[in-house]
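Student: can you look at this prediction? I've put the sequence above it.
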Amino acid sequence: MTGRFLGVVRRSTVLAAIIVGILGILPFPAIATAYAPRLTLARSTPAAETRVGHLPQELQLVFSDKILDAQVTLTGPDSATVPVGGVTVRNETARIALAVPDGMPGSYTVSYTASGIGGMSGNGSFSFTVTTGVKSTTSAKPTRTPSSPAAPPAATSAAAAPADFLTTKAQPPAAAPAPSAGRPAWWTFAAVLLVVACVLVVFLGFSRSRIRPGNPAK
């Protein structure tokens, strides 16, 4: 009986060690993701929070490591997207040509997303201000000229009248939601712990039932 009891204890110890090892490995992907190296913006032209006279012909972003690709958008002071040309990537630097000669005075926001070697990635934004730029054009006031008396308006039928007042307004496209990176919720680990605990309790109960006192030892 003593030998059977020692065998059960050994099996229980091995099972407990396996469970502890599994529980130690489960949080590793989340920890590795949290501490994975990321690309950061080292400097830019124009620099963040600076003031320039006119909108530059090219944006330059320099990252903390070599990059493979980059996407950049530029938003003007009227919240409209400024057209940009192609993105040229070389080592840590991304150059983005602008498709407009100049812009209105105000604050401009640069938003970027970059990917590098080894699965590294980074995103962010910064702003700069154009002080002079191009002033918005205003239409000149019309001059009065002598004219003949206006003719009376032509009569319209009752069926055609409502159509003259129908107007349509184009709705702006809905902005696409920003991607978000999901992380394992805390209850996932709690559920795993609960299942493992239940398996361990059932196993120990079954083992004890096999070595109850009163069974004759062989």
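Tutor: Sure thing, it's come through.
Student: flag the shaky bits of this protein, pLDDT-wise.
Tutor: 1-36, 136-189, 206-218 (pLDDT under 70).
Student: ends of stretch 72-91, how far apart?
Tutor: Stretch 72-91 has an end-to-end distance of 17 Å (Cα to Cα, to the nearest Å).
Student: and that stretch, which residues are buried?
Tutor: Judged by neighbour count (16 or more other Cβ atoms under 10 Å), stretch 72-91 contains these buried residues: 72, 74, 75, 76, 82, 84, 87, 89. Using the backbone N, CA and C atoms, a C-beta is placed for each residue, glycine as well.
Student: strands - which of those residues land there?
Tutor: Among the buried residues of stretch 72-91, DSSP state E puts 72, 74, 75, 82, 84, 87, 89 in strands.
Student: so what's the closest residue to the second one other than its chain neighbours up against?
Tutor: When you say that, I think you mean residue 74. In this structure, residue 74 finds its nearest non-sequential neighbour in residue 82, 4.2 Å apart by Cβ to Cβ, 6 or more residues apart in numbering. Going by Cβ atoms under 8 Å, 6 or more residues apart in numbering, residue 82 touches 55, 74, 75, 76, 98, 99, 100, 103, 108.
Student: pretty sure residue 65 contacts residue 42?
Tutor: No. Using Cβ atoms under 8 Å, residue 65 is not in contact with residue 42, being 9.3 Å away.
Student: intersection of neighbour lists for those two?
Tutor: Common neighbours of residue 65 and residue 42 (Cβ under 8 Å, 6+ apart) are residue 92.
Student: who has more neighbours, those two?
Tutor: Higher neighbour count among residue 65 and residue 42: residue 65, with 17 against 12, using other Cβ atoms under 10 Å.
Student: look at that one and tell me its secondary structure.
Tutor: What DSSP: H, G, I helix; E, B strand; the rest coil gives for residue 65 is coil.
Student: list the contacts of it.
Tutor: 37, 39, 92, 116, 117, 120.
Student: next, count neighbours for residue 94.
Tutor: 23.
Student: tell me which helix or strand it sits in.
Tutor: Element membership for residue 94 (DSSP states H and E) is strand 93-98.
Student: cool, and residue 102?
Tutor: Counting by DSSP H and E, residue 102 is part of no helix or strand.
Student: ok, back up a step: mind putting the buried residues of stretch 72-91 into CSV with distance to residue 135?
Tutor: As requested, these are exported to CSV (distance: Cβ to Cβ, whole Å):
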residue, distance to residue 135
72, 26
74, 20
75, 20
76, 14
82, 17
84, 23
87, 30
89, 35
